[in-house]
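Only the shape, not the letters, is given here:
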């Protein structure tokens with residue numbers, strides 16, 4: 001939406017061109033508390049990790065709904081989950097179960 005100033009010139013609104021990342025809100029939970037439970041992924045963000053322990057050096061933030069509770073978030077450096085979100089993130093929202101197979105986490 002454009003706004004005219006007193007001289008009739010069009011001015012831009014910050015919201016017309018700014019592309020700020022979506023804020024993912026909710027209480028933080030450990031990923032282990034989600035294992036083998038059905039959850040609905042409602043948002044995600046991939047950023048540089050503050051504590052890079054994985055190959056990619058990235059951190060995945062997932063916002064989800066489960067058990068009728070308000071949205072919550074989980075942070076993980078799982079390269080498998082990061083790869084899956086990169087590949088299928090355009091399908092959000094979706095329902096999934098996070099499983100731990102050997103030493104990694106995966107959506108099923």
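Great, that's in hand. It should be emphasised that the depicted structure is a prediction, and the values quoted were computed from it without experimental measurement.

helices or strands next to the longest strand seen in the chain in the packing?
Ranked by residue count, the top strand of the chain under DSSP state E comes out as strand 38-48. Counting contacts by 3 or more C-beta pairs under 8 Å, 6 or more residues apart in numbering; DSSP states H and E, strand 38-48 is packed against strand 58-65, helix 79-88, strand 94-101. Where C-beta positions appear, they are placed from N, C-alpha and C, glycine not excepted.

Output those in TSV; the columns should cover mean neighbour count.
Putting the helices and strands packed on strand 38-48 into TSV (neighbours: other C-beta atoms under 10 Å) gives the following:
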stretch	mean neighbour count
strand 58-65	21
helix 79-88	16
strand 94-101	14
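
Now the ones you listed in JSON lines, please, with extra columns for mean pLDDT and distance to residue 39.
Conversion of the helices and strands packed on strand 38-48 to JSON lines gives the following (pLDDT from 0 to 100; distance: least, C-beta to C-beta, whole Å):
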{"stretch": "strand 58-65", "mean pLDDT": "96", "distance to residue 39": "4"}
{"stretch": "helix 79-88", "mean pLDDT": "97", "distance to residue 39": "12"}
{"stretch": "strand 94-101", "mean pLDDT": "97", "distance to residue 39": "6"}
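
So which of the ones you listed is nearest residue 14?
strand 58-65 (24.4 Å; C-beta to C-beta).

which residues touch the closest one?
Around strand 58-65, the neighbours that count as contacts under C-beta atoms under 8 Å, 6 or more residues apart in numbering are 24-26, 34, 39-50, 52, 71-79, 81-82, 85.

what's the closest of the helices and strands packed on strand 38-48 to residue 108?
Each of the helices and strands packed on strand 38-48 has some distance to residue 108 by C-beta to C-beta; the shortest is strand 94-101, at 5.0 Å.

got CSV for the helices and strands packed on strand 38-48, with distance to residue 108 too?
As requested, the helices and strands packed on strand 38-48 are exported to CSV (distance: least, C-beta to C-beta, whole Å):
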stretch, distance to residue 108
strand 58-65, 15
helix 79-88, 10
strand 94-101, 5
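
if we can go back for a sec, filter the contacts of strand 58-65 down to the buried ones, ChimeraX style.
Selection of the buried residues among the contacts of strand 58-65 in ChimeraX, burial being defined by 16 or more other C-beta atoms under 10 Å:
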select :24,26,34,39,41,42,43,44,45,49,72,73,74,75,76,77,78,79,81,82,85
